[in-house]
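*Asks:* fold the following, please.
(one chain, ligands or ions: 1)
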Amino acid sequence: MNMAKYVNANKTSADLVAVCTEAIRQRAAGQVPPRVNGVTFEHYAALGWCQQHVREAVEATAFGREGDWEGAKCCATRTAQFLRTLGYAPQTWATAKLGDLIYWSPCGSRCGTCKQDAGHTGILHHLDGATWYVWQNTSSGGKGMCIIPLQSWQRNPVGIFRAFPLAAAGEQEAPTDGERRINWHGQYLDPADVVLVDGAHFLKLRAVADAQGDVVKIDAATGKVFVGPASWWPKDVTP
Ligand SMILES: [Zn+2]
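*Replies:* Numbering: from 1, shown residues only. The predicted structure follows:
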């Protein structure tokens, strides 16, 4: 069973990417400082704020306010180290998806708090052919907050982590390795228990009940089908 940790399992990687897109749109439109979901990207034009910008994008997506993400640390390097211990699913280039958080080290600047090289971070924003574009705050070219292609030196990150599920709880995740994974109230069902008919997914009721520790009962008198804890039904309703 996949028990990867998420900042907020009811938001998705697509929601995070949308926050990044909107922040860039506002900057391009002169609506500055960009403000998305209650979070202000006040350092949009300054340099060296990569860690703060990724944190702000995550918090705008997950909470609609700033300051609640336990995963965020003093710098990109320390955050990557911490996310690994927290249980966010680490990704590789083979499994990376849009919206994944990406971390590099070194960057050449020392973090004033943990004294390590501060590293660099961004969010995988979109693909153009085989080229990844990364939303980030970078001093490269004096850009500040921007979306630019992955640089040649960035092909070996120290970590790629998924902060949000690819689909919200209860919805279908994108197919992974040819397997359709269905998240049902936080539990992943066996693909064999999910049937695709005419473009609609049907879940096998007993599998769903098993996944959440419930039982299926049928009222013989009315033919109605119930799913829930065994304690919910009178004894005259038989399984
Ligand atoms: Zn640090």
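*Asks:* in its sheet, what does the helix or strand harbouring residue 227 sit against?
*Replies:* Per DSSP states H and E: residue 227 is located in strand 225-228. Partner strands and pairing direction for strand 225-228 (DSSP bridges) are strand 215-218 (antiparallel).
*Asks:* let me know the secondary structure of residue 78.
*Replies:* At residue 78 the chain is in helix, as set by DSSP: H, G, I helix; E, B strand; the rest coil.
*Asks:* what pLDDT does the model give it?
*Replies:* In the prediction, the pLDDT value recorded for residue 78 is 97.
*Asks:* any idea how far the closest residue to residue 226 other than its chain neighbours lies from residue 119?
*Replies:* What sits nearest to residue 226 in space, not counting adjacent residues and going by C-beta to C-beta, 6 or more residues apart in numbering, is residue 217, at 4.8 Å. From N, CA and C alone the C-beta is placed, and that goes for glycine too. Residue 217 is 55 Å from residue 119, where distance means C-beta to C-beta, to the nearest Å.
*Asks:* cool, and residue 108?
*Replies:* Distance of residue 108 to residue 119, computed by C-beta to C-beta: 10 Å.
*Asks:* the more surrounded of those two?
*Replies:* Neighbour count, other C-beta atoms under 10 Å: between residue 108 and residue 119, residue 119 has more, with 25 against 10.
*Asks:* you'd agree residue 144 is up against residue 47?
*Replies:* Yes - the criterion here is C-beta atoms under 8 Å, and residue 144 meets it with residue 47 at 6.0 Å.
*Asks:* these two: who's more crowded?
*Replies:* When neighbours are counted by other C-beta under 10 Å, residue 144 and residue 47 differ, and residue 144 comes out ahead with 20 against 15.
*Asks:* what residues does the more buried one make contact with?
*Replies:* Contacts of residue 144 were listed using C-beta atoms under 8 Å, 6 or more residues apart in numbering, and they are 43, 44, 45, 46, 47, 49, 137, 138.
*Asks:* the second one contacts residue 35, doesn't it?
*Replies:* No - with contact defined as C-beta under 8 Å, residue 44 does not reach residue 35; the gap is 10.1 Å.
*Asks:* which of these two has more neighbours?
*Replies:* Between residue 44 and residue 35, counted using other C-beta under 10 Å, the more crowded position is residue 44 (19 against 15).
*Asks:* burial count for the residue nearest to residue 56 when sequence neighbours are not counted?
*Replies:* The spatially closest residue to residue 56, leaving aside those adjacent along the chain, is residue 39, at 5.0 Å (C-beta to C-beta, 6+ apart). Other residues within reach of residue 39, judged by other C-beta under 10 Å, total 22.
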